[in-house]
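[1] Need a 3D model of the sequence below.
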Amino acid sequence: MVNISIKYTGDLHCDATHGPSHAKLEENAPADNKGKAEAFATTDLVATALGTCISKTMGIKAEGLGVDLRGMKVSVQKEMSNDSPRRIVALPSEVHIPLPANSPHREVLEQTALNCPVHKSLPPEINRPTKFFWEG
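    Okay, the predicted model is just below:
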């Protein structure tokens, strides 16, 4: 179990502290929801979690396969609902992999990305198409 402690500092800002490492993260409401967009918004962190989870899960698998994914880039777009309740409706992502399209590890790495813990934790109502670009 990991504890994250959050302190509300006013003006729709929060400071979060990661228990084990004491790393800090600022959070602010987005401009389209009464905030100043001065830091990650809560829903931005969901998109960030998906992208970093894809990256690290693929990195773990690649290390086991003896493959170096250094330089891989993941982009996640966050799409919010236009109706109530306000919510994330889509998290389309692109994964740019520094390996050739004919890599023998292509299928296993793509499946690893699609089965990362965050991907599997999101509800099915959130559309999350993932495109892979093999660029080695």
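[2] Tell me the buried residues in the longest helix anywhere in the chain?
    If you go by DSSP state H, the chain has its longest helix at helix 42-65. Within helix 42-65, the residues that count as buried by 16 or more other CB atoms under 10 Å are 43-44, 46-47, 49-51, 53-55, 57-59, 61-62. For the C-beta atoms, the positions are set from N, CA and C on the backbone; glycine is no exception.
[3] from the residues you listed, which single one is nearest Arg86?
    Minimum separation from Arg86 among the buried residues of helix 42-65 (CB to CB) is found for Thr43, which lies at 8.6 Å.
[4] Who's the closest spatial neighbour of the closest one, skipping the chain neighbours?
    Closest residue to Thr43 apart from its sequence neighbours, by CB to CB, 6 or more residues apart in numbering: Ile88 at 5.4 Å.
[5] Quick check: pLDDT value at Asp32.
    With respect to pLDDT, Asp32 has a value of 88.
[6] residues touching it, list them.
    Applying CB atoms under 8 Å, 6 or more residues apart in numbering to Asp32 gives the contacts Met80.
[7] centre of the chain versus stretch 115-125, how much separation?
    Centre-to-centre, stretch 115-125 and its host chain are 11 Å apart (CA atoms, centre = their mean, to the nearest Å).
[8] re the thing from before, bridging residues for the residue nearest to Thr43?
    Met80 (DSSP bridges).
[9] With Asn28 instead?
    For Asn28, the beta-bridge partners are His13 (DSSP bridges).
[10] So what's the residue count around it?
    Neighbour count of Asn28, defined by other CB atoms under 10 Å: 19.
[11] What residues of stretch 10-29 count as buried?
    Applying a neighbour-count criterion of 16+ other CB under 10 Å, the buried positions in stretch 10-29 are Leu12, His13, Cys14, Glu27, Asn28, Ala29.
[12] for that stretch, how far is the first residue from the last?
    This stretch, stretch 10-29, spans 11 Å end to end (CA to CA, to the nearest Å).
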